[in-house]
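>>> here is my input, please return the structure:
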Amino acid sequence: MKSKQPRGIRNNNPGNIDYNKNNHWKGQLIYDPSIEPRFCRFETVEYGIRALILLLQTYRGQYGLATVSQIIGRWAPSNENNTIAYIQSVADTLGVSPTERIDLNNKAIAINLAKAIIQHENGLQPYDTATFEKAWELL
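A predicted model of the protein is given here:
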């Protein structure tokens, strides 16, 4: 039953990207605070994963963030999360140290980072490889 799933899964926004009226993500549904007051909703999960990967790449390109520690520190600020545990969990999943530079233009690294974020945000990562491949193709 979809309503019992985590909010990120229900919204096809498994990275839990906040809604911002200035962002016009491909595949984003019209904002309706009666359905979801805080987060974006997407037509399909592939569009939600696409937005997640693009946002991570923006962190690198626009802000120079290149390590798991820097990226997750911005993605999941400590006023809302146990950011240190989040960083360590993601770094462990990727098999890197929190301060090691990672290349978000590398498809495998970007997808594995997205998978780790989805796992942490939702308590599960239910999507198969084909879903991530499709999302990558939408970039």
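>>> list the contacts for the most centrally placed residue in the chain?
Nearest to the geometric centre of the chain sits G15, at 3.2 Å (CA atoms, centre = their mean). Neighbouring residues of G15 by CB atoms under 8 Å, 6 or more residues apart in numbering: G8, G48, I49, A51, L52, L55, W75, A114, I117, I118, E121. The C-beta positions use only the backbone N, C-alpha and C, and glycine is treated the same way.
>>> what about the second one, neighbour count?
Right, G48. Close neighbours of G48, defined as other CB atoms under 10 Å, add up to 29.
>>> then it would be within a strand, right?
No: counting by DSSP: H, G, I helix; E, B strand; the rest coil, G48 is located in no strand; its state is helix.
>>> what does the pLDDT read for it?
At G48, the model reports a pLDDT of 98.
>>> ditto for the first one
Confidence per residue is given as pLDDT, and for G8 that number is 98.
>>> surely Y19 is in contact with F42?
No: judged on CB atoms under 8 Å, Y19 makes no contact with F42 at a distance of 11.1 Å.
>>> which of these two has more neighbours?
Counted by other CB under 10 Å, Y19 and F42 do not tie: F42 has more neighbours, with 23 against 18.
>>> distance of the more buried one relative to Q5?
Separation of F42 from Q5 (CB to CB, to the nearest Å) stands at 14 Å.
>>> do D103 as well
In this structure, D103 and Q5 are 32 Å apart, going by CB to CB.
>>> just I30 next, same as before
When distance is defined by CB to CB, I30 is 21 Å away from Q5.
>>> these two: who's more crowded?
Taking other CB under 10 Å, I30 and Q5 do not tie; Q5 has more neighbours (13 against 6).
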